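*Asks:* Could you work out the structure for the sequence below:
(one chain, ligands or ions: 1)
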Amino acid sequence: MIERPNFVRATLLERIDFCPQVAVFRFKSDTQLEFTPGQYATIGMEDGEKFIQRPYSLVSSPHETIVELYVDLVPEGLFTPRLWDLKPNDSLYLKSKVIGTFVLQEKTGMKNHIMASTVTGVGPSISIARTQKRDLESGKIKAADAHNLLVLHGGSCSWELGIYKDEMTELAKEGWLTYVPTISRPWEDPEWVGETGRAEELIRKYADGLSCNHTNAVGYACGHPQMIENAKGIFSRMRLPKEQIKEEKYFVVKPTPKPITTTT
Ligand SMILES: Cc1cc2nc3c(=O)[nH]c(=O)nc-3n(C[C@H](O)[C@H](O)[C@H](O)COP(=O)(O)OP(=O)(O)OC[C@H]3O[C@@H](n4cnc5c(N)ncnc54)[C@H](O)[C@@H]3O)c2cc1C
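*Replies:* From the prediction side, this is the model:
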């Protein structure tokens, strides 16, 4: 690897496959990253003459020594197929500065946080939840000051939610987290007994049930752009003002090319 300004080396420790197209990647970074939970890291790789880089939300909490990413494989993509080619002990580049504004909106004074996500878009919520758990355990924050997190985690089928489904279900026993895994294709996952439907379809049911409203809650949507648009509409209809709605769009949907019509 050549030296690249602003990047450090990260070495792959392991990849855990949830299914052929969804996995968690764990890296050891040469430098401990400093960041606020919810922010994203940029990773890069050489591709012949080119240097390609992509942003990924950090699932890990700032106190952890490993860098954990939850990634969707885009088979026709430029970066992710190369990421899947990596073997343990292979290295890539990690930008030393972690950035992003998709973080817990503490300055609003709101104690309730409604977080809707599609598959890997739950990463920021996990980082925020892990950090709050740690802060409570260390006494950095008191139980009375804990934020209430409602995390709606959507996937097509339950296996896409992987080990995070169990981790968050366990964490929810602490009381300040409500975790709702949900799948949109129950006919492909007949053994699933949990919620069905897309994450945004469950916002009102759970937010209303927990008495979250525009006077006490912030809405967050992360991942697939269509879910984000739908969730923003629902938050607006709950009367959440713009300042209380946060989004992190992972990609843009390319418009379908119009058929060429010829006049003869
Ligand atoms: C702030 C931020 C944080 C992100 N965090 C994560 C994360 O934690 N986990 C994660 O998996 N991705 C995340 N992404 C998306 C990631 O940066 C890449 O865009 C993605 O991994 C695809 O890269 P690629 O080079 O393989 O595909 P590209 O070559 O960049 O894209 C090929 C085509 O696929 C579309 N596309 C890209 N991603 C998807 C997708 N997931 N599903 C369907 N179509 C897609 C693109 O719009 C494009 O048309 C994040 C993006 C942003 C902006």
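*Asks:* Give me the distance between His153 and Thr101.
*Replies:* From His153 across to Thr101, the span is 21 Å (C-beta to C-beta, to the nearest Å). C-betas here are computed from N, CA, C, even on glycine.
*Asks:* between those two, who's got more neighbours?
*Replies:* His153 (26 against 11; other C-beta atoms under 10 Å).
*Asks:* residues in contact with Pro37?
*Replies:* 58, 61-62, 103-104, 124, 127-128, 130-131 (C-beta atoms under 8 Å, 6 or more residues apart in numbering).
*Asks:* With respect to Asn216, which of these is nearest?
*Replies:* Leu104 (14.5 Å; C-beta to C-beta).
*Asks:* which parts of the protein sit against the ligand?
*Replies:* Within the chain, the positions lying close to the ligand (C-beta under 6 Å from any ligand atom) are 40, 54-57, 69-72, 74, 76-80, 120, 123, 248, 250-252, 254.
*Asks:* Are any of these buried, and if so which?
*Replies:* With burial judged by 16 or more other C-beta atoms under 10 Å, the buried subset of the residues of the chain next to the ligand is 40, 54, 56-57, 69-72, 79-80, 120, 123, 248, 250.
*Asks:* Show only the entries of the residues you listed found in helices.
*Replies:* Among those, the members falling in helices (DSSP state H) are 80, 123.
*Asks:* so of the buried ones among the residues of the chain next to the ligand, which ones are in strands?
*Replies:* Members of those lying in strands (criterion: DSSP state E): 40, 54, 56-57, 69-72, 248.
*Asks:* what helix or strand does the residue of the chain found nearest the ligand sit in?
*Replies:* Closest contact between the chain and the ligand, by C-beta to the nearest ligand atom, is at Gly77 (2.1 Å). Using DSSP states H and E, Gly77 sits in no helix or strand.
*Asks:* And the chain, what are its domain boundaries?
*Replies:* According to automatic domain parsing, the chain comprises the domains 7-95, 106-249.
*Asks:* Just say which of these is most tucked in.
*Replies:* domain 106-249 (a mean of 19; mean count of other C-beta atoms under 10 Å).
*Asks:* which residue ranges form the strands in this protein?
*Replies:* With DSSP E as the criterion, the chain has strands spanning 7-19, 22-29, 40-47, 50-57, 66-72, 91-95, 112-118, 148-155, 177-183, 195-196, 217-223, 245-249.
*Asks:* got the angle between the third one and strand 91-95?
*Replies:* Spelled out, it's strand 40-47. 140 degrees (axes from the mean of the first three to the mean of the last three C-alpha atoms, to 10 degrees).
*Asks:* Return the list of helices and strands in contact with strand 40-47.
*Replies:* Here strand 40-47 touches strand 50-57, strand 66-72, helix 80-85, strand 91-95, going by 3 or more C-beta pairs under 8 Å, 6 or more residues apart in numbering; DSSP states H and E.
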